[in-house]
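Participant: what follows is a predicted protein model with its sequence.
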Amino acid sequence: MPRQQRWSLALVAVAILAMAAVMAMDDLRQGIIAGVLGALVLAGAAVWSGRRGRHTPWARAEARISPDHAVVLWKPGCLYCERLLLQLGKDPRVTWVNVWRDEDANARVRAVNGGDELTPTVLLGTQVLRNPSATELREHLAAPRAGHPS
C-alpha cells in the first residue's frame, strides 16, 4: 500500500477515535458503538484499498500496446476500474497494470492525463481512452485498422 494511502487511513482512524471519544463523554454506550462501527468501516477500507488485482509490470505491458491490444492503467479502490475489469473478464486483448504497484506506470498515467492519476486510462495504439465503457473498448479493439485484415 502506498505511503499516501497509509497516511490517509491513519488520519481516518484518528478521526474515528476522536469521534468515539467525544460521544463516549456523553453516552458511553454510543461511544463504544461508534468506535466499533468506525473500526469495521476502517478495516473494510484498508482491505479494499490494499487488495491486489491483475498486474503486469509496465516494462512488459508497454511493449503490448497496439491498435489490437489495450493496456489498462488502473488502481485498487477505483469503482470504474472494477466495473471495467468485471465486464471485460479475461479478454486476452487487454493487459492490466496497477499504477500503485509500478512507479513507471504511475508516471505514464500522469503524463497522459495532465498530471492526474485518472483511472482507468486505456492505451490502445496511439489512442488514450479515459474511463471508457467495456462496450466502447471492445468496439475500438474490434474496429478494422488500415493494413490489418478485417
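Facilitator: Sure thing, it's come through.
Participant: now do the same for Arg3: its pLDDT.
Facilitator: Arg3 is assigned a pLDDT of 61 by the prediction.
Participant: packing partners of the top helix by length along the chain?
Facilitator: When the chain is parsed with DSSP state H, its longest helix is helix 3-26. Applying 3 or more CB pairs under 8 Å, 6 or more residues apart in numbering; DSSP states H and E, one finds that helix 3-26 contacts helix 28-49. Using the backbone N, CA and C atoms, a C-beta is placed for each residue, glycine as well.
Participant: what is the helix it packs on packed up against?
Facilitator: Short answer (3+ CB pairs under 8 Å, 6+ apart): helix 28-49 packs on helix 3-26.
Participant: output the helix it packs on in PDB with nothing but the alpha carbons.
Facilitator: Output of helix 3-26 as PDB, limited to C-alpha atoms (Å, rounded to 0.1, in the frame of the first residue of the first chain):
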ATOM      1  CA  ARG A   3       2.600   5.800   1.800                       C
ATOM      2  CA  GLN A   4       0.000   8.400   0.900                       C
ATOM      3  CA  GLN A   5      -2.700   5.800   1.200                       C
ATOM      4  CA  ARG A   6      -1.400   4.600   4.600                       C
ATOM      5  CA  TRP A   7      -1.400   8.200   5.900                       C
ATOM      6  CA  SER A   8      -5.000   8.700   4.700                       C
ATOM      7  CA  LEU A   9      -6.100   5.600   6.500                       C
ATOM      8  CA  ALA A  10      -4.300   6.700   9.600                       C
ATOM      9  CA  LEU A  11      -6.000  10.100   9.500                       C
ATOM     10  CA  VAL A  12      -9.400   8.500   9.200                       C
ATOM     11  CA  ALA A  13      -8.600   6.200  12.200                       C
ATOM     12  CA  VAL A  14      -7.700   9.200  14.300                       C
ATOM     13  CA  ALA A  15     -10.900  10.900  13.300                       C
ATOM     14  CA  ILE A  16     -13.000   7.900  14.200                       C
ATOM     15  CA  LEU A  17     -11.300   7.500  17.600                       C
ATOM     16  CA  ALA A  18     -11.800  11.200  18.300                       C
ATOM     17  CA  MET A  19     -15.500  11.000  17.400                       C
ATOM     18  CA  ALA A  20     -16.000   7.900  19.500                       C
ATOM     19  CA  ALA A  21     -14.200   9.600  22.500                       C
ATOM     20  CA  VAL A  22     -16.400  12.700  22.200                       C
ATOM     21  CA  MET A  23     -19.600  10.500  22.000                       C
ATOM     22  CA  ALA A  24     -18.400   8.400  25.000                       C
ATOM     23  CA  MET A  25     -18.200  11.600  27.200                       C
ATOM     24  CA  ASP A  26     -22.000  12.000  26.700                       C
END
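Participant: no further questions, thank you.
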